[in-house]
Structure formats: C-alpha cells, structure tokens
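how would this look folded up:
(chains A and B)
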2 protein chains.
Amino acid sequence: MDNPALVDVTRGTVIESLHRGSIAIVDSAGKLVFGIGNVESRVFPRSAIKALQALPLVESGAAEALDYSDAELALACASHNGEEVHANSARVMLMKAGLAEDNLECGPQWPQRMEDAAKLILADESPCGLHNNCSGKHAGFLGLAKVMGVETRGYVNAEHPVQREVRNVMEQMTGDTLSEDVCGTDGCSIPTYASPLRSFARAFAAFGTGEGLEPLRAEAAERLFDACINEPYMVAGTGRFCTRVMEAFRGRVFVKTGAEGVFCASIPELGFGVALKCDDGATRASEVMMATVLEAMLELNDDEAALLDGLVNPPILTRVGIQAGHIKPREEFLTELKAALP
Amino acid sequence: MDNPALVDVTRGTVIESLHRGSIAIVDSAGKLVFGIGNVESRVFPRSAIKALQALPLVESGAAEALDYSDAELALACASHNGEEVHANSARVMLMKAGLAEDNLECGPQWPQRMEDAAKLILADESPCGLHNNCSGKHAGFLGLAKVMGVETRGYVNAEHPVQREVRNVMEQMTGDTLSEDVCGTDGCSIPTYASPLRSFARAFAAFGTGEGLEPLRAEAAERLFDACINEPYMVAGTGRFCTRVMEAFRGRVFVKTGAEGVFCASIPELGFGVALKCDDGATRASEVMMATVLEAMLELNDDEAALLDGLVNPPILTRVGIQAGHIKPREEFLTELKAALP
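So this is what the prediction gives:
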C-alpha cells in the first residue's frame, strides 16, 4: 500500500518537494482511533522509544540505587544536542555507577549546534561518546548493567542481559514478537527492532496512562514521563521540537523524535498514544506531522497555539533570512484528521 | 501521476525508508530517450543549473575581460564546501571586478565540513558571503554586472539586467517560457524558475555537445564544461559527489547537484542530457539515482566502475563505523533503465 502525501514543501507558489507517511493513534484500550497510510507494516522506531528502553532501568530499582535525578532520567530518554550540560550529565550518570566515558560504546558525535562544536574546538577537544545524542541512554544501560551485577562490556549487543531486558519490555509494551529477522543495528550500535506503527502507538498510550500495565511498570512509566516533563531541556536542547513542545504543554504531552522520520507521543488526557513515520526519513516532515496531530487533537491555550502554529507551518528561509516558502500539512490530511478526532 | 520508488534505504534486512523520484534523459535532438516518473511537471532546478546561469558571463566576453581562470569559472558553476580555497577564489573573482566581499548578496553560510568551520572558529572569524556555497556564482553575476556597466547593487533581483540575461538564456536553453508564476526565491536570494525535468535534460544535452546552439553560446558552453572538468575540486570540494565523479571520468561527464534532490548531467559521448529529482528533496537519493544512471549508460574502466560502485550503494554506518545498512536503487528501476539504454 502506498502511503499518502501528508506534507508539502513550497517555494513561491510551487510545491517543490513532498513527504509521504503514515500515522497511528491508539487509545489506552489498544483500539486504533486514527490511522492514515499503512500502520501495520514494520518500521524501526530508532530513538523515538528511548523512554520505553529506559523502563528496565527504573523498574529494576537501578535508577533509585544510583540516585539518578529527574534531569538524568530525562537524559536517559533523550536525543540531545550534545551541549555542555548534556555531556556533563551523562558523565555524572556514569560516575554514579562507578564508570567513565570510555565505558560508552555509542561512538563519538559532534554537538548538533555550531556554538557547542565551537566550544570543543576552542578547547582543543574532540567530541567523544558523551556528546553522542544517545549518551544518556547508554549511561542508563551501563548503570543498569552495573546494578544487575553483569559484565558492562558489550552492553550494546543483542545477547547482553541489558538488551535482553529491553527487548522483553518492548515485546510486552508493543504486544509484538521481536525476532532476529526484524532486528537492525541503530546508529549508536544497540539493536533496534522493527514493529508496526500501531504497536508503538499502543505502547505510548500505555506509557502515558499506565493503563494495562503491572503496578511496578506503571510506576516506572510515570517516573520517566514526569522526569521528561520536568526536564524537557535534557530530552533534546536549545531550539528543539521535543523540548519546546514539552516546555509549552506542561505535562499535557510527552513527545519524542527518532531518526529516519519517526515520532512518538503520549497524550494522557485523551488516553492516546501516537506513532508516525515519514516514508523518506525526513525529520522536517515528521515534525510537521506531529505538530499537526497535536493541533488537531487538543484544546489549546494561547501559548500552546502560538507554538504549534509555527511548528505546523515552518518557514523555508533564504540565507539572509527572507521567507522563500514553507513546509505545511496537506489539506486532505487535515480534513481526514479532523474528521476522526474528538 | 505518482512517481515510483527508485531508491531504498535498508537497515539489517528491512527497508527502513524509501525515496521516489523522476528522471529524464534527452538526446541532443531533444528527444526523450528515457523517462521515469513525471518528467513534464515543473521542478525548481536550484543549483543544478549553475553552469547554464554562467553562460551570459562567458558569452558576453565578461569572463575574458576579467581574466577569469578555469578555476574561477568552475567556481562560478559550483556549490562548494566553503573551504579556504573556495572562499579565496571567490574573493579574487570579486577583486578582478574591482569589488569585494560586501558586494555579495547571497548571505553567510558555515563551511560544509567541520574541519573548515574549525579554521574560522580558531581564527575568531564568522562565516561570510565568501563561504556561501554559491559565492562563485554570485561573484560571476557581479563581474558580469560590472562589465555590463550596470548598477551592481540588487543584482539578485529578477528585474536586474543580470537576472534578466540569465532568464533569457534559461528560456532559450530549456525551450520553456519562464513567467513570474513559476518563479521562486533560491536560498541565495536569486530567482529560480521551475521547468519540466525534460526541459532541463534538453538544456544539458545541448550544453555538453553544443548541438543546436549559436556558435558564441556553443563556445561559451564548451569553455564552462572544460573549466569544470579541469577544476572539479572547485565545483564542490573534498569528498563530494560532483568532484569525485568529474575527477574520475576525466571529461566523459559533467555532473551538478542542486538543493531539494535535483541533479543534472551532460554526457557528450552519447549526446545525452540528464535531469532528475527526488520527490522529497533528499540528496542521498538524488546521488544514488545519478550514479545508477551513469553506471547503466556508460562503458566503464576499472577506476570509474570502482567509484560508481560505492556511489550506487553507499553504506549506512553506525557512529563507530560499522555498516548497518545501505542505500540502493530499486531492482525495477535498474531493469527499466537497462532496457531503455544503449
């Protein structure tokens, strides 16, 4: 099945590029509330499920044993910019587990923003694993390994006890069976398992409401949800979609981006989980798709409306800052979405 | 009409993302030799037609009057990395016209590569118009304005004599009428006119062969073609597709990338012009599409084959450099292409 065009990129009066995709919205009973495109074909969730991958860290008691703060738990769920505060917090997470930067197996990455890269350059430093956007997740995996009393080395491999725990939790949250043939290697070297979008939406409905979860898991989900809401800057950073939305919505939504155009969300007041993917992997489109879903689904106050307005229709700028076009959701997509939702 | 999926992005054994697109290949008589997807709908050519936009500079005699070298003419056709050599050459082009960096109206841009950005940061400098990937094109526009004896200020506006010249040449080369309603503003502030891919392919067939062109224009096209072939580093820079292909093919092909997934080429030995666009604007896909076309169309020596092999199937790497998947052309696309070509 071909997924429909959901987002246009215009220049002048011409559509210059377009993005196709699929979206699943599921309620806490697991029912598909809205589906566009193919929501049953398997997609890699990439970083959009980091909050679910952090569940074992919390429900095992490891996060408490290591005295991880809200900011550190938010970092465990983050795809951060590699700003100083992110790298330093990842370092502290490792220290709390008696570990250090060279235990990270995620590989180095330059900070996302030139300002932060410049700080490293001027200090004659190279980026390291701490600057990798996944460093908090990896520090959390290492902390869990340490508290479990298992070998930390190789914690990124699918057979390692930490990754086996993570896979078990993902199977339970998605209701899907995750076998080797749907396993790929993520950019930070851990396994990523492809499941239907619908299954990820189901998982995030449960994550945001606790419904259908064992008490210990529901408590862990709440702890991670609250940590991200309390410390949205740690989940992404300056100027980033996830940070801005969670800051503005003050607990009404949890949102998390992933590579290759994936985005997931929990909306507890509606009991909904959302999972979407842009076919071609473009983040600019997955962001517009998510902003459009939030705008259609929620009653907004002025601040929330002003923020979403910009995120639903981001401008395309020239290098002198003049607007040359914009990115925007297709009319048909808006119509279908509005017809389906409360 | 929906354009077909031409390029897959895999991770493990799963297709993670896909890219749709269209391709037109036209011979020097203007006949469509191969078309896939909609080759009649209008697309913005963006930077892929810089070599055509440089024709007035050469055929007016301005390039000769200003004593522009091959390297400088190649820079006029370039989307460069903003490396030191690129910025310096743009500065020299301006100096030869009695102008300077503050005459550029393209806006600043950080160099593409962190190594080059680091040089600026360590020298406590900010990027300026010279580092803009279009600075050579703009220096050429300014040089032409100077030799024409017109006001240089506002040379980026559609009504300026330089842009009117450029539009005339584009109309003649494409055989298309370029009105305001198909005009957008490019990222560097100049007008960009949307035409069918087929028309751009026609223009590049003529550019590479001179066939059907007035002698003065044919001579100008040859001069620019040769300049890019002789100085491929100036057209893009370290590690870039255009530079690597033109270096390896030693005059057999001219290739030029543009923003939003456009790519154009001239293949004089076949008399062909090529124009393609990835629907969603992804460069990673337009590069694979162009490499696939070149591999299918040409008899290759070992060096050419080795280079294209990597460009047709680029790996997707983790941050520690392990291959997690690859980008590759679809089988159906390869089959259709091979059936249509010599």
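
from here on, contacts and neighbour counts on C-alpha atoms
Noted.

Now that A:Arg42 has come up, it's in contact with A:Ala194, right?
Yes - with contacts defined as C-alpha atoms under 8 Å, A:Arg42 counts as touching A:Ala194 at a distance of 5.1 Å.

How much space separates the residue nearest to A:Tyr155 when sequence neighbours are not counted from chain B?
The spatially closest residue to A:Tyr155, leaving aside those adjacent along the chain, is A:Val162, at 6.4 Å (C-alpha to C-alpha, 6 or more residues apart in numbering or on different chains). Using C-alpha to the nearest C-alpha, to the nearest Å, A:Val162 is found at 20 Å from chain B.

Count the neighbours of A:Val162 for me.
27 (other C-alpha atoms under 10 Å in any protein chain shown).

Name the SS class of it, please.
helix (DSSP: H, G, I helix; E, B strand; the rest coil).

Next, the contact list for it, please.
Each residue near A:Val162 by C-alpha atoms under 8 Å, 6 or more residues apart in numbering or on different chains is listed here: A:141, A:144-145, A:155.

again, 7 Å this time
A:141, A:145, A:155 (C-alpha atoms under 7 Å, 6 or more residues apart in numbering or on different chains).

Point me to the residue of the stretch 1-150 of chain A nearest chain B.
A:Gly12 (4.5 Å; C-alpha to the nearest C-alpha).

which residues does that residue contact?
By C-alpha under 7 Å, 6+ apart, the residues touching A:Gly12 are A:324-325, B:183-185.

one more time with 10 Å, if that's ok
With contacts defined as C-alpha atoms under 10 Å, 6 or more residues apart in numbering or on different chains, the neighbours of A:Gly12 are A:323-326, B:180-186, B:192-193.

returning to what we had before: could you list which of the contacts of A:Val162 belong to helices?
When DSSP state H is applied, these are split such that A:141, A:145 fall in helices.

got a markdown table for the contacts of A:Val162, with pLDDT and neighbour count too?
Compiled in a markdown table, the contacts of A:Val162 are given as follows (pLDDT from 0 to 100; neighbours: other C-alpha atoms under 10 Å in any protein chain shown):
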| residue | pLDDT | neighbour count |
| --- | --- | --- |
| A:Phe141 | 98 | 25 |
| A:Ala145 | 98 | 22 |
| A:Tyr155 | 98 | 24 |
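
any idea which of the contacts of A:Val162 is closest to B:Phe225?
Using C-alpha to C-alpha, A:Tyr155 is the member of these that lies nearest B:Phe225, at 53.6 Å.

quick one: that closest one and B:Ala259, what's the gap?
Distance, A:Tyr155 to B:Ala259, by C-alpha to C-alpha, to the nearest Å: 40 Å.

So which of the contacts of A:Gly12 are in strands?
Here DSSP state E is the test, and those give A:323-326, B:183-185, B:192-193 as lying in strands.

Buried subset of these, written for PyMOL?
A single PyMOL command selects the buried members of these (16 or more other C-alpha atoms under 10 Å in any protein chain shown):
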select buried, (chain A and resi 323+324+325+326) or (chain B and resi 183+184+185+192+193)
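
Specify which member of the ones in strands among the contacts of A:Gly12 is nearest to A:Ser135.
A:His326 (33.2 Å).

Doesn't A:Ala248 lie inside a helix?
Yes - assignment of A:Ala248 by three-state DSSP places it within a helix.

I'd guessed it sits against A:Tyr233; true?
No - assessed by C-alpha atoms under 10 Å, A:Ala248 is found out of contact with A:Tyr233, at 11.7 Å.

and the angle from the longest strand along chain A to strand B:14-26?
For chain A, the strand that runs over the most residues, judged by DSSP E, is strand A:14-26. Here strand A:14-26 runs at an angle of 160 degrees relative to strand B:14-26 (axes from the mean of the first three to the mean of the last three C-alpha atoms, to 10 degrees).

model confidence over the next helix or strand after strand A:14-26, on average?
Going down the chain from strand A:14-26, the next helix or strand is strand A:32-36, by DSSP states H and E. The average pLDDT within strand A:32-36 is 96.

what does the stretch 101-250 of chain A have sitting close to chain B?
Counting by C-alpha under 10 Å from any C-alpha of the partner chain, the residues of the stretch 101-250 of chain A close to chain B are A:105-110, A:114-115, A:117-124, A:129, A:132, A:180-190, A:192-194.

Need the buried ones from those selected in PyMOL.
Selection of the buried residues among these in PyMOL, burial being defined by 16+ other C-alpha under 10 Å:
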select buried, chain A and resi 105+106+107+108+109+110+117+118+120+121+129+132+182+183+184+185+186+187+188+189+190+192+193+194
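
Which of the helices or strands spans the spatially closest residue to A:Met93 that is not a sequence neighbour?
Distances taken as C-alpha to C-alpha, 6+ apart place A:Ala139 nearest to A:Met93, at 6.1 Å, with adjacent residues excluded. Using DSSP H and E, A:Ala139 sits in helix A:135-148.

So which bits of that helix are buried?
Neighbour-count burial for helix A:135-148 flags A:135-148 (criterion: 16+ other C-alpha under 10 Å).

And for stretch A:260-269?
Neighbour-count burial for stretch A:260-269, counted by 16+ other C-alpha under 10 Å, picks out A:260-268.

what's the first-to-last distance across stretch A:242-255?
Termini of stretch A:242-255 sit 6 Å apart (C-alpha to C-alpha).

same deal with stretch A:105-113?
23 Å.

I'd like the average pLDDT over it.
Stretch A:105-113 comes out at a mean pLDDT of 97.

tell me the contacts of A:Ala71?
Contacts of A:Ala71 (C-alpha under 10 Å, 6+ apart): A:77, A:86, A:89-90, A:227-235.

Which one of A:Ala248 and A:Tyr233 is surrounded by more residues?
Shown here are A:Ala248 and A:Tyr233; by other C-alpha under 10 Å, A:Tyr233 has more neighbours (25 against 19).

Apart from its neighbours in sequence, what residue is nearest that one?
Nearest non-adjacent residue to A:Tyr233, counting by C-alpha to C-alpha, 6+ apart: A:Thr243, 5.4 Å away.

wait, the one you found sits on A:Ala236?
Yes - at 5.7 Å, A:Thr243 counts as touching A:Ala236 under the criterion of C-alpha under 10 Å.

Now do the shared contacts for the two.
By C-alpha under 10 Å, 6+ apart, the residues touching both A:Thr243 and A:Ala236 are A:78, A:80, A:256.

In the residues you listed, which residue is surrounded by the most others?
Neighbour counts for those (other C-alpha under 10 Å) peak at A:Ala78, which has 32 neighbours.

so what's the closest residue to that residue other than its chain neighbours up against?
With sequence-adjacent residues excluded and distances taken as C-alpha to C-alpha, 6+ apart, A:Ala78 is closest to A:Val235, at 4.0 Å. For A:Val235, the contacting residues are A:51, A:71-81, A:86, A:133, A:136, A:227-229, A:242-243, A:246, A:255-257, by C-alpha under 10 Å, 6+ apart.

same thing with A:Asp181?
Per C-alpha under 10 Å, 6+ apart, neighbours of A:Asp181: A:193-194, B:12-14.

so which of these comes closest to A:Glu304?
Among those, A:Ala194 lies closest to A:Glu304 (C-alpha to C-alpha), at 32.6 Å.

That closest one is in contact with A:Ile49, isn't it?
No - using C-alpha under 10 Å, A:Ala194 is not in contact with A:Ile49; the gap is 11.5 Å.

Fine, thanks again, bye for now.
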